[in-house]
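Chemist: What follows is a predicted protein model with its sequence.
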2 protein chains.
Amino acid sequence: MSVFDDLFLFTNLASILYTSRAKGGYWDMDSNLSDRASTIRVFFEPKSVAVVGASRTQGKLGHTILKNLLTLKFKGQVFPVNPSASEISGVRAYPTVSKIPDDVELAVIAIPAPLVLDAVRDCAGKGVRGVVIISSGFKEIGGEGAERQHELTQIAARTGMRIVGPNTTGILNTHNRFTTTFVELKEVREGSVAFIAQTGMFAGMMLERILTSEKFGLSKVAGLGNKCDVADHEILDYLAQDSATRVIMMYVEGIKDGKRFFEVVHRLTRKKPLIILKVGRTEAGAKAALSHTGSLTGRPEVFDALCQQAGIIRASDFDELIDFAKMFAYQPPPRGNRAAIVTLSGGAGVTAADACLQSGLRLADLAPSTLQRIAEKMPSWATVRNPVDIEPLSETVSIVEAYRIALEAVLSDKSADLCLLIMGTFRIPGVATDFLKAIKNEYPQKPVAVCVIGVQEIYDQLFCVIEEVKIPVFPSVRRAVNGLAALYRYTQLRS
Amino acid sequence: MSVFDDLFLFTNLASILYTSRAKGGYWDMDSNLSDRASTIRVFFEPKSVAVVGASRTQGKLGHTILKNLLTLKFKGQVFPVNPSASEISGVRAYPTVSKIPDDVELAVIAIPAPLVLDAVRDCAGKGVRGVVIISSGFKEIGGEGAERQHELTQIAARTGMRIVGPNTTGILNTHNRFTTTFVELKEVREGSVAFIAQTGMFAGMMLERILTSEKFGLSKVAGLGNKCDVADHEILDYLAQDSATRVIMMYVEGIKDGKRFFEVVHRLTRKKPLIILKVGRTEAGAKAALSHTGSLTGRPEVFDALCQQAGIIRASDFDELIDFAKMFAYQPPPRGNRAAIVTLSGGAGVTAADACLQSGLRLADLAPSTLQRIAEKMPSWATVRNPVDIEPLSETVSIVEAYRIALEAVLSDKSADLCLLIMGTFRIPGVATDFLKAIKNEYPQKPVAVCVIGVQEIYDQLFCVIEEVKIPVFPSVRRAVNGLAALYRYTQLRS
């Protein structure tokens, strides 16, 4: 089955899930699946890499791929392959992969599509275990491209050499600093979030964005492109067993081998949250996906039902995918859905109350003793409710102390499961976040999200120092609440 | 009628709208309404202002209000009022408003709630024409606060002196640099967007954000707080006639005098787009609004129906309110809903196609000649469809040239009404936007939005230079498409 066959899946899901449950924990999977999955390791942890199409010309993909490996100081051996160069960027080059005297575990291929098959055959002859094909011009263009892709699939099946792609940006492993991406990387940040993307350019652009505007780090990235051989579920299986990965986010046009996919996912989501952005939901989107990665996107309502049953968290756009991943990277799932809101702005509090109710959370009924604890520091005219408007409190104590008193009070209340803190940027003396760190240590079971609204420069400072203590910061009330609600959905899906 | 009385409105809307239509254009309104509206001018264009509660103490609201007027170089006279100071920040101070020897058109009041009534009576005695009450401690706290607010309403009715607030941040007019806000302002940018907000702190925080992270400028800001006297429709009426204002955005908890409001709005929206974010839509949100500004929020489904009929664009959160305002400030409403998508990333193109269909747009059927015009510059293996993936084009020409060729082709096609351009940040040599400026001049009737995904620093640069030519830039595909869809909704609402 080469594409997501939704009807088949829909009728068979019950039995798949039943079988999975009966088998017990994650590692109890059939050995055939595990054997295949073990062939995935080479894509992330190769000891030696050939870059086919390595180039001296700046701007060429093959130039950037080699440069990235050198800049990031990848810990394995690197062999540029180019028939007309004996050395590139100071590294000895070879005319073909088979001419490389040492073992080559992995090859990255970035040459025009009509030349790819010969290069792949050369790799197979050399005993290369995995190939990442960056080049486009395959199934997504139909005709001879589709034929070329079919032949790639045949070579993989015949030789056992695994293939990622074609039409992709490929792999990043922040731990050993290995990458096949053609987007120029200067630095990467290690972290616990893995990212699986179908599409090359998009994965690259999003990677740039995550690396330059987010604090949470990545563990592994896999761009799978047209998926001529290696499928989503194999990468997921590898990541399920990867100790560096605690959260997985995924951009999907079409799923390859849907049955296997949901089988793996069902086990995975009991251990690690999986967040999916699925596109191609409309007729126009589905058509665009077909011409983009040759994907059949399936019927959205079927996919939605399967995701729900398999315990997948859904994101509705890329911002949300990143927001949710950050949330899960920093915070635990809550015990329940009762939200306490602490806010400098009453209006933002009203907005947050709406957003909570609309996203499946509800407002905590704070205990009278909690309200009293906050009220006794307030001017006599003020009343305290949830959302807790701290503006009156800031008339008697400093604004940071007001945040601290209210946050401490609501988090120590057993009737609140999680908390949203809405801050302004004014009267913030420097960036005092000691209290947030202390609170995170004291109430590790209760997720907290922060929304900051105000002066951009101070927002940026607060973003850095607050995320440093692993409390997520959002620029909008809605995004912060949706993030908390995603945590709660995971609590529900697991129970 | 002091609050939004939804049942009454719902049954009477048909007749209201009929009457408005029968009367003709905007200016043909009943004279009573216009007379009242003319009393609003003083809040934005006072010749002289007393700041009651002006303070020497940094951090006090009354200190910042005075400081803002001096920093921004407000063009009228300023009188600090404080019984225990003869001079504040170098300006002669007076113990009460009535002791000021000159005429005082407007007073800003920022003193504890129990002292406010005496100060307001003093203003009325002096012949002040308008008062902005910053102080909180009125209807939003119930009891004696509600009584105090009732008395304010009585004073306004009895004396004809108009009152904005209480419990608000008040006014900003970027043109004459007048403001009553307690949020410290260093600079303001003139522009065509007016912002009406119910809530003080929120308006202040959002103002900070807009002023520091957006390029589009503001014309007027009005925070109305508890609305003891001046109502939404009076500000709207003033803004409808304000030549500096082309777009109005509004944050609403409850509407005061709903009948008048929709009457004014119905006329207004034929001339200028009005974008509203309405909160208090859930039970929890409605309760929070009641304790925040004493607002009754009304039934959401009634409000939605009235907005639809009155031609109001709805925003679902604050980001969207800003996004839509920017869209309307920079771009015209399109003739139809046929979208052309030009994208560096196929995946982002699929995402955009979905987002278009989900938001009421559809994909343009580009003419064969248009597709041919793009295809002839591409490598032979590539095919061209809408979304137009320019990645192959960037293999034969520079990336900026690829954007230009595709954008020019789709905009000159009669089958496209609007365009989304999705850019990456790599291989952008400097920030070449001449081609965008030229295109904007050549196709002024076709709105274009840009989405940039990639390295944060380059995003920031592109944001500045592209918005300089009044093409809006968004960090996400969804937000850009929703912005374009809002433009089209306005086209529909007006027809």
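Modeler: Now that the structure is in, tell me what you want to look at. Residues are numbered from 1 along each chain as shown, chains lettered A, B, ... in the order given.
Chemist: Point out the residues in the stretch 101-250 of chain A that sit beside chain B.
Modeler: A:113, A:136-137, A:140-142, A:144-145, A:183-184, A:197-199, A:201-206, A:208-209, A:212-213 (CB under 8 Å from any CB of the partner chain). Where C-beta positions appear, they are placed from N, C-alpha and C, glycine not excepted.
Chemist: got a list of what A:Tyr443 touches?
Modeler: For A:Tyr443, the contacting residues are A:Leu411, A:Ser412, by CB atoms under 8 Å, 6 or more residues apart in numbering or on different chains.
Chemist: Next step: the residues of the stretch 101-250 of chain A next to chain B restricted to strands.
Modeler: Counting by DSSP state E, the part of these found in strands is A:Ala197.
Chemist: Please list only the buried members of the residues of the stretch 101-250 of chain A next to chain B.
Modeler: A:113, A:136-137, A:140-141, A:145, A:183-184, A:197-199, A:201-206, A:208-209, A:212-213 (16 or more other CB atoms under 10 Å in any protein chain shown).
Chemist: Can you flag which of those belong to helices?
Modeler: A:Ala113, A:Gly145, A:Met201, A:Phe202, A:Ala203, A:Gly204, A:Met205, A:Met206, A:Glu208, A:Arg209, A:Thr212, A:Ser213 (DSSP state H).
Chemist: and the two most separated of those residues?
Modeler: Using CB to CB, those reach their maximum pairwise distance at A:Gly145 and A:Ser213, which is 35.0 Å.
Chemist: Mind pulling up the pLDDT for the closest residue to chain B within the stretch 251-400 of chain A?
Modeler: Taking CB to the nearest CB, chain B has its nearest neighbour within the stretch 251-400 of chain A at A:Gly347, 3.2 Å off. Note on A:Gly347: pLDDT of 86.
Chemist: Spell out which residues sit in contact with it, please.
Modeler: A:Gly347 neighbours (CB under 8 Å, 6+ apart): B:Ala197, B:Gln198, B:Thr199, B:Met201, B:Phe202, B:Ala203, B:Tyr251, B:Glu253, B:Val279, B:His292, B:Thr293.
Chemist: what do you get if the cut-off is 7 Å, keeping everything else the same?
Modeler: Applying CB atoms under 7 Å, 6 or more residues apart in numbering or on different chains, we find A:Gly347 in contact with B:Gln198, B:Thr199, B:Met201, B:Phe202, B:Tyr251, B:His292.
Chemist: A:Leu421 is in contact with A:Ile453, isn't it?
Modeler: No: between A:Leu421 and A:Ile453 there is no contact under CB atoms under 7 Å: 11.7 Å.
Chemist: ok, back up a step: among the contacts of A:Gly347, which one lies nearest to A:Phe328?
Modeler: For the contacts of A:Gly347, the nearest to A:Phe328 is B:Phe202 (29.1 Å; CB to CB).
Chemist: so who does that closest one touch?
Modeler: A:Ser345, A:Gly347, A:Ala348, B:Tyr251.
Chemist: There's contact between the third one and A:Ile422 in this structure, I believe.
Modeler: Going back to what we said before, that points to A:Ala348. Yes: under the criterion of CB under 7 Å, A:Ala348 makes contact with A:Ile422 at 4.7 Å.
Chemist: so what's A:Phe178 closest to, chain neighbours aside?
Modeler: A:Phe74 (5.0 Å; CB to CB, 6 or more residues apart in numbering or on different chains).
Chemist: confidence score at the one you found?
Modeler: 96.
Chemist: Give me the distance between it and chain B.
Modeler: Counting by CB to the nearest CB, to the nearest Å, the gap from A:Phe74 to chain B is 20 Å.
Chemist: so where does that residue fall, helix or strand?
Modeler: A:Phe74 is part of no helix or strand, with elements assigned from DSSP states H and E.
Chemist: how about the strands in the stretch 251-400 of chain A?
Modeler: According to DSSP state E, counting those that start in this stretch, the stretch 251-400 of chain A carries its strands in the segments A:274-278, A:313-315, A:338-343, A:362-363, A:388-389.
Chemist: would you list every one of the helices in the stretch 151-300 of chain A?
Modeler: Per DSSP state H, counting those that start in this stretch, the stretch 151-300 of chain A carries helices over the ranges A:200-213, A:232-240, A:258-271, A:283-293, A:300-310.
Chemist: how about those in a markdown table, adding mean pLDDT?
Modeler: Formatted as a markdown table, those follow (pLDDT from 0 to 100):
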| stretch | mean pLDDT |
| --- | --- |
| helix A:200-213 | 84 |
| helix A:232-240 | 94 |
| helix A:258-271 | 93 |
| helix A:283-293 | 75 |
| helix A:300-310 | 88 |
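Chemist: Now the common contact residues for A:Ala348 and A:Ile422.
Modeler: With CB under 7 Å, 6+ apart as the test, A:Ala348 and A:Ile422 both reach A:Val477.
Chemist: Report the contact partners of the residue lying farthest from the centre of chain A.
Modeler: The centre of chain A is farthest from one residue, A:Ser380, which by CA atoms, centre = their mean lies 48.2 Å away. By CB under 7 Å, 6+ apart, A:Ser380 lies in contact with nothing.
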